[in-house]
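A.B. asks: Predicted coordinates and the sequence they were generated for:
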Amino acid sequence: MSALLEISNLQAAIGDKTILKGLDLTIQAGEVHAIMGPNGSGKSTLSYVLSGKDGYDITGGSMHFDGQDLADLQAEERAIAGLFLAFQYPLEIPGVTNMTFLKTALNAVRRGRGEDDMDAASFLRLAREKSRALGMDDDMLKRQLNVGFSGGEKKRNEILQMAMLEPKLAILDETDSGLDIDALKIVAEGVNAQRSPERGMLVITHYQRLLDFIKPDVVHVMANGRIVRSGGPELALELEKSGYADYRAEGVAHA
Amino acid sequence: MLITVPKGSLMLNALAHFERAKPQLGGDVEARAQALQQAELLGLPTRRVEAWHYTDLPRLLNRSASSSDALTVNDFSALKPHYLVFENGHLSADLAQLSAEFVSPDADLSADAMTLYNQALAENGLTLKLDKSPEAIVIVETKGSEAQHLMHRVRLSAGVKATVVDDHAALGYSNVIWQVELAADAELTLVHMQQSGQYVGHCTVDLATNAQFKQITLLTGGDVARHATDVNLQQSGAKADLHSAILGRAVSHNDVTYTINHQAADTHSHTTSHQALADSARGVFQGKVIVQRDAQRVDAQMQARAMMLSSEAEINAKPELEIYADDVVCAHGTAIGEIDADALFFLRARGIDEASARQLLISGFVEQLLTHCDDSALADVLRHHIEQKISALTLTKLEAEHAV
């Protein structure tokens, strides 16, 4: 059986600036991987390159998701294929209600997967059920998308989108940033509820704290555009003690 | 339903129009003739007139109308409204018998040319004088393809609340005047929807103590759309909410011009404009806030935003503050941008294709107008109208791309 995500020697640049410098990563269905690393190591770039944001040139290597070459797919096609990015900074979209957005997204993904649109009543039931499970007020569905949402509400809303779209692989980009401990627990519970043998997760974080709540199977350290070390959950604890100083040095050595 | 807009302007020969209409024209025909003579002497306003600097009316009215758009039928039935229909300048239906008999305007030879043309040629209009709040909203539908001059009057007595919708789907030239008078504590919501034709409108609103005027203007089509509003906040506590949204397409010229005159203390005004401009559409936003010397504690806020959807589109924004009082809170802001690339990626990353994502962002931008509409059934009609026009917009764009 092929891996859910297989990244091999991936190189990516913005203009003249190379950011990913030969990255290897393999994730099997059911696994939760964490990527940790200092600021500027290319963690967010990896999440954007995987999910198909414009402006990045893939200059070498390959990335395959569920047997498909991601480079061949537009951002929306990747979402339909089952890739989901929970944004570090979810966008505010004035004038579009959360409900309209969720419905448009869900039906776009269903259509892309060869399914019929969900009827209005079933959609409403599903959206309410999933949002209540995340402790969200029904009112949040009626509000304009992320407009005036607190940091915690925005992140919870990302997890709601993930619950609605049921991806095969979820990439969580610094989901802990801007959250207090209570909000972090709620978001982590929402994520943990979606762990399953069919689903992979890639948790990108600067701090070990998130990994107390979302227990990873594998921890990677990223520095200077590459994975420089991989290990079990204990690696995160070690980083918490020693910091990233060693890896910064290594990054410079490679540069 | 596809309708081809008649070529060229229909008002070029006002004299001929006058002669033709003479038998039906009420009031003092001699005074009308004088108004017409004065109007012809002044001529159409040119760009040298400051209020018309960005709207070159003689040129705009003389060019061939090029758009042939499908008209959207606005279904207000859920609101159970009172309905008036003006077709080619004549009242063709007044189902509720709501409007009083039309009284011809007095000629005021000191008026501007467009008002003078209206004084000479208006043979009809809504005449709404209410002493108690009506049970339903009033829809004034305008259609037909001939030149028309309408003079609408709305006068609300103390404490009366009403909503009037100007649903404009006429194909030719229209010169429309609105005269609104609101007594103490009266509240009027006036909605203007224009989707076709060449509309030159001027609305004047006088507000007494604690009266409230809310104007919601939605321009989605037509060759020329000039919507000028003068608001006079004459007594304390009066409040004006002026909100507009424009979906400009093809070569349409869309102009919203406000003059807000705070004449008394403790008066408030709030103005917003959202203009989404595609193809070679042009948008104009002019907003002038005047605060008179004794009008202390005035709060005046004005925001104009434009979303440029094509490199050929053009926006002219001119907010102005003219303040003679010292204890006031006044602000204005203008923001001009394009579709936000990050927002577009966010939507695409949720499986929404690029064309649909753009459509969603444009409708979100334009539909911010609806946050000011308190009547949810009315907001639904406006939303449906916007969605229809936006789907037509994307279709044109895709066709153009395929043609290349």
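C.D. replies: Good, I have the coordinates. Numbering: from 1, shown residues only, chains lettered A, B, ... in the order given.

A.B. asks: Tell me the residues of the stretch 301-404 of chain B that contact chain A?
C.D. replies: Counting by Cβ under 8 Å from any Cβ of the partner chain, the stretch 301-404 of chain B comes close to chain A at B:340-343, B:345-354, B:356-357, B:360-361, B:363-368, B:371. All C-beta spots, glycine's among them, are computed from the backbone N, C-alpha and C.

A.B. asks: Buried subset of the residues you listed, written for ChimeraX?
C.D. replies: The buried subset of these, as determined by 16 or more other Cβ atoms under 10 Å in any protein chain shown, is captured in ChimeraX by this line:
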select /B:343,345,346,347,348,349,350,351,352,353,356,357,360,361,363,364,365,366,367,368
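
A.B. asks: which stretches of the chain form helices?
C.D. replies: You didn't say which chain, so I picked chain A. All helices of chain A, identified by DSSP state H, fall at A:43-51, A:75-81, A:98-112, A:120-133, A:139-142, A:151-165, A:181-192, A:209-213, A:234-242, A:245-254.

A.B. asks: not what I meant, chain B
C.D. replies: Taking DSSP H as the criterion, chain B carries its helices at B:14-21, B:29-42, B:57-62, B:113-121, B:341-348, B:354-366, B:376-403.

A.B. asks: Out of those helices, which is the most enclosed?
C.D. replies: Of all the helices of chain B, helix B:113-121 has the most neighbours on average by mean count of other Cβ atoms under 10 Å in any protein chain shown, namely a mean of 24.

A.B. asks: circling back to that earlier point, A:Tyr56 is nearest to which of the helices of chain B?
C.D. replies: Across those, the minimum distance to A:Tyr56, taken as Cβ to Cβ, is reached by helix B:341-348, at 11.3 Å.

A.B. asks: So for the closest one, mean pLDDT?
C.D. replies: Across helix B:341-348, pLDDT averages out at 96.

A.B. asks: can you give me the offset of it from its chain's centre?
C.D. replies: 33 Å (Cα atoms, centre = their mean, to the nearest Å).

A.B. asks: which residues are in contact with that helix?
C.D. replies: A:52-54, A:74-76, A:79, A:87, A:90-91, A:93, A:101, A:105, B:354, B:356-358, B:360-361 (Cβ atoms under 8 Å, 6 or more residues apart in numbering or on different chains).

A.B. asks: Quick one: residues contacting the nearest residue in space to B:Thr55 that is not next to it in sequence.
C.D. replies: Setting aside the residues directly before and after it, B:Thr55 is nearest to B:Asp255 in space (Cβ to Cβ, 6 or more residues apart in numbering or on different chains), at 4.7 Å. Residues in contact with B:Asp255 (Cβ under 8 Å, 6+ apart) are B:54-55, B:225-228, B:283-284, B:286.

A.B. asks: circling back to that earlier point, CSV for the helices of chain B, including distance to B:Leu247?
C.D. replies: As requested, those are arranged in CSV below (distance: least, Cβ to Cβ, whole Å):
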stretch, distance to B:Leu247
helix B:14-21, 31
helix B:29-42, 32
helix B:57-62, 18
helix B:113-121, 25
helix B:341-348, 18
helix B:354-366, 6
helix B:376-403, 5
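
A.B. asks: Relative to A:Ala188, which of the ones you listed is closest?
C.D. replies: helix B:341-348 (22.5 Å).

A.B. asks: What pLDDT does the model give the residue of the stretch 1-150 of chain A found nearest chain B?
C.D. replies: When scored by Cβ to the nearest Cβ, the stretch 1-150 of chain A has A:Gly95 as its residue closest to chain B, at 3.1 Å. The predicted local confidence for A:Gly95 comes out at a pLDDT of 91.

A.B. asks: In strands, which of the contacts of B:Asp255 fall?
C.D. replies: Using DSSP state E to define strands, the subset of the contacts of B:Asp255 located there is B:225-228, B:283-284, B:286.

A.B. asks: Quick check, the residue in the stretch 151-300 of chain B closest to chain A?
C.D. replies: B:His274 (8.5 Å).

A.B. asks: what number of residues lie near B:His53?
C.D. replies: When neighbours are counted by other Cβ atoms under 10 Å in any protein chain shown, B:His53 registers 15.

A.B. asks: ok, now which ones touch it?
C.D. replies: B:His53 makes contacts with B:Arg47, as judged by Cβ under 8 Å, 6+ apart.

A.B. asks: just checking, A:Ile214 touches A:Val191?
C.D. replies: Yes. The pair formed by A:Ile214 and A:Val191 meets the contact definition of Cβ atoms under 8 Å, at 5.5 Å.

A.B. asks: list residues touching both of those two?
C.D. replies: Common neighbours of A:Ile214 and A:Val191 (criterion: Cβ under 8 Å, 6+ apart): A:172, A:201.

A.B. asks: higher neighbour count, these two?
C.D. replies: A:Val191 (24 against 21).

A.B. asks: quick one: low-confidence ranges for the stretch 151-255 of chain A?
C.D. replies: Segments of the stretch 151-255 of chain A classed as low confidence (criterion: pLDDT under 70) are A:248-255.

A.B. asks: for chain B, what are the nearby residues on it?
C.D. replies: Contact residues of the stretch 151-255 of chain A with respect to chain B, defined by Cβ under 8 Å from any Cβ, are listed as A:161, A:165.

A.B. asks: what about B:Glu123, how many residues close to it?
C.D. replies: By other Cβ under 10 Å, the residues close to B:Glu123 number 20.

A.B. asks: tell me the pLDDT at it?
C.D. replies: Looking at B:Glu123, its pLDDT stands at 86.

A.B. asks: what bridges to the spatially most central residue of chain A?
C.D. replies: The C-alpha lying nearest the average C-alpha coordinate of chain A belongs to A:Ile171 (Cα atoms, centre = their mean; 1.9 Å). With DSSP bridges applied, the residues forming beta bridges to A:Ile171 are A:Leu85, A:Leu202.

A.B. asks: Might you report the residue contacts of it?
C.D. replies: A:Ile171 is in contact with A:47, A:50-51, A:83-86, A:201-202, A:204, counting by Cβ under 8 Å, 6+ apart.

A.B. asks: try it again with 6 Å
C.D. replies: With contacts defined as Cβ atoms under 6 Å, 6 or more residues apart in numbering or on different chains, A:Ile171 is in contact with A:47, A:85, A:202.

A.B. asks: Would you confirm that A:Gly60 contacts A:Ala12?
C.D. replies: No. Because the distance of 8.4 Å does not satisfy Cβ atoms under 6 Å, A:Gly60 is recorded as not touching A:Ala12.

A.B. asks: Which residue of these two possesses the greater neighbour count?
C.D. replies: Each of A:Gly60 and A:Ala12 had its neighbours counted (other Cβ under 10 Å), and the higher figure belongs to A:Ala12 (24 against 15).

A.B. asks: Excluding residues flanking it in the chain, which one is nearest the more buried one?
C.D. replies: When the adjacent residues along the chain are set aside, A:Ala12 lies closest to A:Leu20, with 4.1 Å between them (Cβ to Cβ, 6+ apart).

A.B. asks: where's that neighbour relative to A:Ile14, distance?
C.D. replies: Applying Cβ to Cβ, to the nearest Å, the value for A:Leu20 to A:Ile14 is 10 Å.

A.B. asks: higher neighbour count, these two?
C.D. replies: Counting neighbours by other Cβ under 10 Å for A:Leu20 and for A:Ile14 shows that A:Leu20 has the greater number, 25 against 12.

A.B. asks: if I look at that one, how far off is A:His206?
C.D. replies: Separation of A:Leu20 from A:His206 (Cβ to Cβ): 18 Å.
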